[in-house]
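*Asks:* sequence first, predicted model second:
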Amino acid sequence: MAALSPVPGSFQIDATVGGGGHALRILEASTPGGRLLGLDADQAAIARTRQRLERFDDRAVLRQANFEELGEVAPEEGFGQVDGVLFDLGLSSQQLADSDRSFSFRSEGPLDMRFDTGQGRPAHELLAELEERQLTDLFRRLGEEPHARRIAAAIVVQREAAPLRTGRELAELVEGSVPSQREGGRSGRRDGGRDGRRRIHPATRVFQALRIAVNRELETLPVALSAAVALLRPQGRLAVISYHSLEDRIVKRFVAAERRGCVCPPAFPVCVCGRAARLAPVGSQPQRPSDAEVQANPRSRSAHLRVAGRLAA
Ligand SMILES: C[S@@+](CC[C@H](N)C(=O)[O-])C[C@H]1O[C@@H](n2cnc3c(N)ncnc32)[C@H](O)[C@@H]1O
């Protein structure tokens with residue numbers, strides 16, 4: 001809220017509205033007259049949040065859409081210029097609890113993992129169809145999984161007998177194919193969290209990799225960030241909360257490039273690209289949750305908040 005500082009009458013976009021927690025606070029702070037456009041790829045989240053924000057009437061506009069469509073959706077809904085855009089990336093606690101989509105290790109539902117179940121290929125299709133070396137690459141690149149090769153091999157052996165059906169089956173297969181935490185395998189390393197004590201589940205990185213691939217998370221984010229900057233008024237704020245290093249790196253590099261503007265090689269005597277700087281970062285480092293917040297909400301432990309302000313044209 002401090003990053004966006006929504007004032008009465010301001011226009012804000014929550015590009016990942018989810019359960020509407022941030023949206024609610026933004027709408028309250030921008031009373032009277034402020035408006036908020038909330039997007040989410042997940043139809044169920046939009047339906048739930050529409051009810052939660054009902055009292056704000058037409059001050060809250062909700063659309064089921066992927067945020068990569070932000071550049072088209074926002075002007076259509078009357079948000080052609082805004083004062084703030086928030087991205088709170090990844091998945092919500094409601095999605096984690098939804099056993100129909102297998103975001104969690106305990107899920108008995110089908111291995112789907114799509115935010116928008118009407119688009120793209122579910123996780124079970126990737127697990128059934130990718131070649132062993134493609135699975136290895138996926139777990140390595142998108143999960144930074146040290147045992148990628150072993151896990152991919154175990155999946156290929158398993159699927160010849162029977163397809164993997166649920167989140168729980170996949171989690172158990174991964175757990176059985178990597179060195180146990182007591183043997184000192186790297187899968188047992190600490191998660192780098194602020195409490196420093198939690199061990200992550202051995203399947204965490206495989207689930208992350210599949211979710212990123214299924215939802216094309218690393219491809220959609222740069223498109224959406226660029227659209228967000230184009231919508232911001234001068235002095236408007238961009239705030240992005242990310243939960244893993246791959247997406248935080250994209251945000252960091254995006255802000256650095258938008259701060260630089262010109263992309264001409266240094267040897268050029270004059271600029272020929274014509275690109276001007278559009279953003280100035282607020283703070284040199286991402287903001288992290290306080291110890292008290294991590295205690296109250298352990299899922300916040302990996303959050304990195306980066307904020308930037310829109311420069312005048
Ligand atoms: C961490 S939750 C957001 C929670 C929200 N800030 C709140 O206060 O409840 C992330 C949300 O972003 C959505 N999401 C993820 N990627 C998306 C994308 N490319 N386009 C639209 N929504 C997306 C997910 O469906 C999920 O509901």
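*Replies:* Received, thanks. Just so it is clear, the model here is predicted, and its values are computed rather than measured. Numbering: from 1, shown residues only.
*Asks:* count of neighbours near L173?
*Replies:* By other CB atoms under 10 Å, 19 other residues sit near L173. From N, CA and C alone the C-beta is placed, and that goes for glycine too.
*Asks:* all helices for this structure, in order.
*Replies:* With DSSP state H as the criterion, the chain has helices at 21-29, 43-52, 70-76, 93-97, 123-129, 132-143, 148-161, 167-177, 204-214, 217-231, 245-260, 291-296.
*Asks:* so for the ligand, which of the ones you listed sits nearest?
*Replies:* Smallest distance to the ligand across the helices of the chain (CB to the nearest ligand atom): 2.9 Å, for helix 21-29.
*Asks:* for the closest one, packing partners?
*Replies:* strand 11-14, strand 35-40, strand 82-88 (3 or more CB pairs under 8 Å, 6 or more residues apart in numbering; DSSP states H and E).
*Asks:* if we can go back for a sec, which one of the helices of the chain is the most hemmed in?
*Replies:* Mean neighbour count, computed with mean count of other CB atoms under 10 Å, is highest for helix 204-214 among the helices of the chain, reaching a mean of 23.
*Asks:* geometric centre of the chain: which residue is closest?
*Replies:* Note on the chain: the residue nearest the mean C-alpha position is L89, at 2.5 Å, using CA atoms, centre = their mean.
*Asks:* separation between that residue and V174?
*Replies:* With distances taken as CB to CB, to the nearest Å, L89 is found 23 Å from V174.
*Asks:* redo the helices and strands packed on helix 21-29 as TSV? Include mean neighbour count, mean pLDDT and distance to S104.
*Replies:* Formatted as TSV, those follow (neighbours: other CB atoms under 10 Å; pLDDT from 0 to 100; distance: least, CB to CB, whole Å):
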stretch	mean neighbour count	mean pLDDT	distance to S104
strand 11-14	27	98	24
strand 35-40	26	98	19
strand 82-88	24	98	19
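*Asks:* look up the closest residue to the residue of the stretch 101-250 of the chain found nearest the ligand, ignoring the ones flanking it.
*Replies:* The stretch 101-250 of the chain approaches the ligand most closely through F115 (3.8 Å), counting by CB to the nearest ligand atom. Residue nearest to F115 in three dimensions, not counting chain neighbours: A41, with 4.0 Å by CB to CB, 6 or more residues apart in numbering.
*Asks:* what is the burial count for the one you found?
*Replies:* 22.
*Asks:* ok, it touching T117?
*Replies:* No. Under the criterion of CB atoms under 8 Å, A41 makes no contact with T117, lying 9.4 Å away.
*Asks:* the ligand contacts on the stretch 51-200 of the chain?
*Replies:* Within the stretch 51-200 of the chain, the residues that sit near the ligand (CB under 6 Å from any ligand atom) are 66-67, 88, 90-92, 115.
*Asks:* distance to V206 added to these, as a markdown table?
*Replies:* What follows is these, written out as a markdown table (distance: CB to CB, whole Å):
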| residue | distance to V206 |
| --- | --- |
| N66 | 24 |
| F67 | 25 |
| D88 | 24 |
| G90 | 16 |
| L91 | 15 |
| S92 | 20 |
| F115 | 18 |
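*Asks:* which of those has the most neighbours?
*Replies:* Most neighbours among those, by other CB under 10 Å: F115, with 26 neighbours.
*Asks:* ok, now which ones touch that one?
*Replies:* 40-42, 91, 95, 215 (CB atoms under 8 Å, 6 or more residues apart in numbering).
*Asks:* distance of it from V214?
*Replies:* Distance, F115 to V214, by CB to CB: 9 Å.
*Asks:* can you check G84 too?
*Replies:* Taken as CB to CB, the span from G84 to V214 is 29 Å.
*Asks:* low pLDDT regions in the stretch 101-250 of the chain?
*Replies:* Along the stretch 101-250 of the chain, the parts satisfying pLDDT under 70 run over 181-198.
*Asks:* wait, what's in contact with G78?
*Replies:* Here G78 is in contact with 35, 61 (CB under 8 Å, 6+ apart).
*Asks:* what pLDDT does it get?
*Replies:* G78 is assigned 98 on the pLDDT scale.
*Asks:* give me the nearest residue to N215, chain neighbours excluded.
*Replies:* Computed as CB to CB, 6+ apart, the closest residue to N215 that is not its neighbour in sequence is F115, at 5.4 Å.
*Asks:* wouldn't A203 be in contact with V174 here?
*Replies:* Yes. Taking CB under 8 Å as the definition, A203 is a contact partner of V174 at 4.0 Å.
*Asks:* looking at the helices of the chain, spot the one closest to G283.
*Replies:* Minimum separation from G283 across these (CB to CB) falls at helix 245-260, 10.8 Å.
*Asks:* figure out how far that closest one is from the centre of its chain.
*Replies:* Centre-to-centre, helix 245-260 and its host chain are 14 Å apart (CA atoms, centre = their mean, to the nearest Å).
*Asks:* does G167 touch D112 like I think?
*Replies:* No. If you go by CB under 8 Å, G167 and D112 don't touch, sitting 9.2 Å apart.
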